[in-house]
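Participant: Build the 3D model from these lines:
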Amino acid sequence: MSGQGSSAIPPGALAGLKVIDMASLYAAPLAATIMADFGADVLKIEPPEGDLFRNSKMWPLVARGKRCVAMDLRSAEGIARLKSLVEHADVVVENYPADVLARRGIGWNVLSAINPRLVMLSLSCFGGTGPYAGRPGSGTIGEGFGGLTELMGAADGAPMLPSVALGDAVGAMSAVIGTLSALYWRDRNGRGQQVDASLYEPILQIVAHAAQRWEPGRSPERTGSRLPGVLRNVYRTADRRYVAISASTARHAADLVALAAGEGAGGEENDPDAQVAAWIATVPQSALVEQLVAQRIPVTPVNSLDDMLADPHVRARASLVHVSDDALGDLALAAPAPRLSETPGRIGEVNPPLHTDVEPVLKRWAER
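Facilitator: Coordinates of the predicted model:
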């Protein structure tokens, strides 16, 4: 079923863009999904036995809004069909090892010769150059290698991985930026290029703030939920819920400490964080949020997914879409972001079937 949309919705910003998604797993197919959300015509190539995530709740993340076709890229017939599609495609998304592509005769040099305007997004953990090119990896490996894992967790505890596939999602978004940049350049200069996207390099942008504390031989250390020089933490409220506060300016910090001191909640006077924590522990979550918002101090409840689905702001913006599929059950999907005023993104069919005939797509693309 379609999670959103109707015939009244205008074509997306990427309408007419023809994308071949021959990738597997999560990050690279998610990049193609983001393009589909914004209107690209995406053909997802699956092996004859079906994609690894088909029939799982991961499936809408890697396949929604796409047409799915079974194609054996280990066979001469499948490779010939792929090359026929490449003649008319704008983008190919792949995450194969470079030696596999070369062995099958579908690497960048071959495909760009077939279609000089092609943009090929190659997404891997370590990128296509350097001594670690070709190493297997995922978003988790990118997080660890890129320094994020070392910075997560309690100051006196072990490094921690996030409870979500952060590296994959951030890597996919970075890959889309690179792809759209390459398409813009192509439309001005007439030829495509290869986008060499890794999963660890976007992580370096995430840890860039911590890197500003770096000195030779002294890497930044874990600080839990706190940041040096900023009154920022997660605090438990009187009703055993949590809020996150980031008093990142001097005015915010002074106002927050003044509120805590005015309530006489205790805590060490030379530890503003402890003072704030002691006061917050006496106030219910909703009352605290209301009070701090009135003072224009940045605060939020620490929301669960159920909290967000019920939140009036999330509901007003339709930031999360709740859909039900006969095979996959209930799904909560993030709406396409950012918002475009004239050509908004939308969630397409969340459980596309697997076709065996690629000819309708080839005919449609050849006519454009």
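Participant: after the lengthiest helix in the chain comes which helix or strand?
Facilitator: Ranked by residue count under DSSP state H, the longest helix found in the chain is helix 166-189. As assigned by DSSP states H and E, the chain's next helix or strand after helix 166-189 is strand 194-198.
Participant: mind listing what that next one pairs with, with the direction of each?
Facilitator: Here strand 194-198 is paired, per DSSP bridges, with strand 119-124 (parallel).
Participant: Distance from the next helix or strand after the strand it pairs with to the middle of the chain?
Facilitator: Tracing the chain past strand 119-124, the next element assigned as helix or strand by DSSP H and E is helix 139-145. Mean-position distance between helix 139-145 and its chain equals 14 Å (Cα atoms, centre = their mean, to the nearest Å).
Participant: Ok, stretch 165-174 next?
Facilitator: Chain-centre distance of stretch 165-174: 4 Å, with Cα atoms, centre = their mean.
Participant: pLDDT (mean, whole number) over that stretch?
Facilitator: Averaged across stretch 165-174, the pLDDT comes to 97.
Participant: what's the answer for stretch 104-119, then?
Facilitator: pLDDT averaged over stretch 104-119 gives 98.
Participant: same check, this time on stretch 283-293
Facilitator: 97.
Participant: buried ones in it?
Facilitator: Within stretch 283-293, the residues scored as buried using 16 or more other Cβ atoms under 10 Å are 283, 285, 288, 289, 292. From N, CA and C alone the C-beta is placed, and that goes for glycine too.
Participant: do the same with stretch 153-161
Facilitator: Applying 16+ other Cβ under 10 Å to stretch 153-161 flags residue 161 as buried.
Participant: And for stretch 172-192?
Facilitator: 172, 173, 174, 175, 176, 178, 179, 180, 182, 183, 186, 192.
Participant: Touching, the fourth one and residue 123? I think so.
Facilitator: Yes. Here residue 175 lies in contact with residue 123, judged by Cβ atoms under 8 Å, at a distance of 5.1 Å.
Participant: Spit out the residues that contact the two alike.
Facilitator: By Cβ atoms under 8 Å, 6 or more residues apart in numbering, residue 175 and residue 123 have these common neighbours: 27, 28, 31, 197.
Participant: neighbours around the closest residue to residue 60 other than its chain neighbours, how many?
Facilitator: In this structure, residue 60 finds its nearest non-sequential neighbour in residue 350, 4.1 Å apart by Cβ to Cβ, 6 or more residues apart in numbering. For residue 350, the tally of surrounding residues (other Cβ atoms under 10 Å) stands at 24.
Participant: can I see the domain layout of the protein?
Facilitator: What automatic domain parsing lists as the domains of the chain is 18-206+335-367, 242-301.
Participant: Any buried residues in stretch 232-244, and which?
Facilitator: For stretch 232-244, a neighbour-count test (16+ other Cβ under 10 Å) marks 232, 233, 235, 237, 241, 243 as buried.
Participant: how long is it end to end?
Facilitator: The stretch stretch 232-244 measures 8 Å between its terminal residues, going by Cα to Cα, to the nearest Å.
Participant: Could you list the residues in contact with that stretch?
Facilitator: 224-226, 245-248, 273, 276-277, 280-285, 288-289, 299-302.
Participant: Now list the buried members of those residues.
Facilitator: Counted by 16+ other Cβ under 10 Å, those give 245-247, 273, 276-277, 280, 283, 285, 288-289, 299, 301 as buried.
Participant: now, which of those sits nearest residue 50?
Facilitator: Nearest to residue 50 among the buried ones among the contacts of stretch 232-244: residue 301, at 40.4 Å, using Cβ to Cβ.
Participant: That closest one is in contact with residue 285, isn't it?
Facilitator: Yes. Judged on Cβ under 8 Å, residue 301 makes contact with residue 285 at a distance of 5.8 Å.
Participant: what stretches of the stretch 1-150 of the chain score poorly on pLDDT?
Facilitator: Judged by pLDDT under 70, the stretch 1-150 of the chain has its weakly predicted residues at 1-9.
Participant: so where do the helices sit in it?
Facilitator: For the stretch 1-150 of the chain, applying DSSP state H, counting those that start in this stretch gives helices covering 27-37, 59-63, 76-86, 98-104, 108-114, 139-145, 148-151.
Participant: which helices and strands sit right next to the second one?
Facilitator: I take that to be helix 59-63. On a contact count with 3 or more Cβ pairs under 8 Å, 6 or more residues apart in numbering; DSSP states H and E, helix 59-63 meets helix 27-37, strand 329-334.
Participant: Select, out of those, the one closest to residue 113.
Facilitator: Closest to residue 113 of those, according to Cβ to Cβ: helix 27-37, at 22.6 Å.
Participant: Could I get the CA-only coordinates of that closest one as CSV?
Facilitator: The C-alpha trace of helix 27-37 is given here as CSV (Å, rounded to 0.1, in the frame of the first residue of the first chain):
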residue,chain,number,x,y,z
ALA,A,27,23.0,2.1,3.7
ALA,A,28,23.3,2.1,-0.1
PRO,A,29,19.7,1.0,-0.8
LEU,A,30,18.5,3.7,1.7
ALA,A,31,20.3,6.3,-0.4
ALA,A,32,18.2,5.1,-3.4
THR,A,33,15.1,5.1,-1.2
ILE,A,34,15.7,8.8,-0.3
MET,A,35,15.8,9.6,-4.0
ALA,A,36,12.6,7.6,-4.5
ASP,A,37,10.9,9.6,-1.7
